[in-house]
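Q: Pasting the sequence and the predicted model now:
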Amino acid sequence: MSEHYLWDRSGPPDPEIEHLERTLAPLRYRHRPELVREAAPRPRLWWAAAAAAVAAAVGLSQLAAPPAPTTAWQVTSLNGQARLGNQGAAVAMALRQGEVLRTGSASGLTLEADELGRIDVGPDSQLRAATSRRVLLQQGVLHAFIWAPPRQFVVDTPSARATDLGCEYTLTMDGSGNGLLRVAMGWVAFQFAGHEAFIPAGARCATRQREGPGIPFYEDAPEPLRQAVAAVERGDAAAVGSILAAARPRDGLTLWHLLARVPAGDRGPVFDRFARLVNLPAGVSRERALRNDPRTMDLCWDALNLENTAWWRGWERKW
Amino acid sequence: MMQLMLVSAETPEEDGLIRAAAAGDRPAFGELYLRYARMVHAILLARVPPGDAEDLVQDVFIAAMRQLRGLRTAAAFRGWLAAIARNRAIDYFRAARESVPLDDALEREHAARGADTEARDALDLIRTLPEAYRETLVMRLVEGMTGPEIARRTGLTPESVRVNLCRGMKMLRGLLGDREKK
């Protein structure tokens, strides 16, 4: 085979590659005029001075740097007041390992790491970076848009760990370790001490001190279901019936998590409602589901049409 | 070393474009669109039906335009844009599952748009390859991008792109050979 031709079309053409190019050409992208129309000759070189200034600023800051190594996260915007360790925060400052970032009331700050993503930190927040890929949100609000590959970035909180699965989400924590995760795009795995919740775009999940992630539900879930989920998470087992009564087919997500959380003796009604709302394949046995048999739980999950278990296995799902 | 220098030399110019686009400069955004549309289309085409992939390119750029403020470098922009495209493809199938069976949707899409059968068959074979090979081969064989151009647009090293192309092409030849035998 001609690697030169495959690489950059230099060298003698490879007949098979040429044939594929001709065959596949009808599928090639055709530019849409409506977005392209406004394109103009590109600006040139005015950015060089700014880039040099940033590089110089980074170099100077390193001369006086404390011994802790920097993470990949840098401040890219600041509204109001914030502190990085013992210093006032400013644009272009890097977050160092172990350093605490604190924002003032009515203040906000954006951190960005080229290969990881962007984090907007809201007012009255406290964030510490263990490494570039692991930060701790002690309290406050964090909005993350992560473009690193799935599982490479995690946010720890006092009561759960949010593992990015390729997504955009908002995490809010109060000072006592209770919080809320809302996912805008992609998925987040929310984990703590054997408890896991998988939260798709459009869903939310609470977390509580010493208990970990709660039961996720979609933002558009009926109010009775939302209230009943909160009650169950507070320990009111009687509220399970209200969840079942209010659940729509789309709330199979919530029932699936509930099935894995309620005591064995309470699973029957949950599975029966789940089976009525979700089109389960023939291989699903009620008896095995009540035992939380892993293969059966996989089949139940697949029936939700929220990516199949093969996809989830990539994230080491545990059930 | 020379290849890496070439790659990094491309970055500062795009930094300027990205900064300008983030500040609301529509011509700058249009230029980014021109440069990256084929990469985005290839990522989508490696996953979704051809006609819909073309529509989704616009969705991806509209999402990018809304969220571009705050990005600093071309290196970030590439991975970020690719992540939006991959997520959009996932959303596409999630939405498709909620409406009609996927196989039916694909069949109807193919029939309605009259996609060239041979092209569709070849694309289907490429789609069976591992993700890294699939995306890179679609960029090379469908979009007509060269290896160095793929490296610049994706942020992968030229060596990685070369490996993806060679291994992917080897697997594709194997699949084409198997199909011939049947």
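A: Yep, it's here. Values in this document were obtained by computation on a predicted structure and should not be read as measured data.
Q: going forward, measure contacts and count neighbours with C-alpha atoms only.
A: Noted.
Q: can you pull out the strands in the stretch 201-319 of chain A?
A: Assigned by DSSP state E, counting those that start in this stretch, the strands in the stretch 201-319 of chain A fall at A:203-208, A:212-213, A:217-218.
Q: so which of those gets nearest residue A:299?
A: Of all the strands of the stretch 201-319 of chain A, strand A:217-218 sits nearest to residue A:299, with 19.9 Å by C-alpha to C-alpha.
Q: Pairing partners for the closest one, with directions?
A: The sheet places strand A:217-218 alongside strand A:203-208 (antiparallel), with pairing taken from DSSP bridges.
Q: which of the strands of the stretch 201-319 of chain A is buried the deepest?
A: Looking across the strands of the stretch 201-319 of chain A with neighbours counted as mean count of other C-alpha atoms under 10 Å in any protein chain shown, the highest average goes to strand A:212-213: a mean of 28.
Q: Need the residues that contact it.
A: A:159-160, A:190-193, A:195-197, A:205-207 (C-alpha atoms under 8 Å, 6 or more residues apart in numbering or on different chains).
Q: Could you pull up the mean pLDDT of that strand?
A: The pLDDT scores in strand A:212-213 average 90.
Q: shaky segments in chain B?
A: B:1-12, B:70-75, B:95-116, B:182 (pLDDT under 70).
Q: Looking at it, which helix is longest?
A: As assigned by DSSP state H, the longest helix anywhere in chain B is helix B:74-99.
Q: elements contacting that helix?
A: Secondary-structure packing of helix B:74-99 (3 or more C-alpha pairs under 8 Å, 6 or more residues apart in numbering or on different chains; DSSP states H and E): helix B:2-22, helix B:26-45, helix B:50-67, helix B:102-113, helix B:147-154.
Q: Can you tell me which of the ones you listed is most buried?
A: For these, the largest average neighbour count (mean count of other C-alpha under 10 Å) is found in helix B:26-45, namely a mean of 24.
Q: next one: that one to chain centre, how far?
A: Relative to its parent chain, helix B:26-45 has a centroid offset of 9 Å by C-alpha atoms, centre = their mean, to the nearest Å.
Q: Next one: that helix, is it in contact with chain A?
A: Yes: legend: contact between helix B:26-45 and chain A by C-alpha under 8 Å from any C-alpha of the partner chain is shown at B:26-31, B:33-34, B:37-38, B:41.
Q: Okay, angle between that helix and helix B:50-67 too, please.
A: Orientation of helix B:26-45 against helix B:50-67 (axes from the mean of the first three to the mean of the last three C-alpha atoms, to 10 degrees) gives an angle of 140 degrees.
Q: relative to helix B:147-154, how tilted is helix B:26-45?
A: Interaxial angle of helix B:26-45 relative to helix B:147-154 (the same axes, to 10 degrees): 110 degrees.
Q: quick one, helix B:26-45 and helix B:74-99 angle?
A: 50 degrees.
Q: helices or strands up against helix B:26-45?
A: helix A:33-36, helix B:2-22, helix B:50-67, helix B:74-99, helix B:147-154.
Q: Reformat these as JSON lines; add distance to residue A:148.
A: Shown next, in JSON lines, are those (distance: least, C-alpha to C-alpha, whole Å):
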{"stretch": "helix A:33-36", "distance to residue A:148": "27"}
{"stretch": "helix B:2-22", "distance to residue A:148": "19"}
{"stretch": "helix B:50-67", "distance to residue A:148": "16"}
{"stretch": "helix B:74-99", "distance to residue A:148": "7"}
{"stretch": "helix B:147-154", "distance to residue A:148": "13"}
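Q: Now residue B:123. Nearest residue, chain neighbours left out?
A: residue A:24 (7.4 Å; C-alpha to C-alpha, 6 or more residues apart in numbering or on different chains).
Q: Which helix or strand contains that neighbour?
A: helix A:15-24 (DSSP states H and E).
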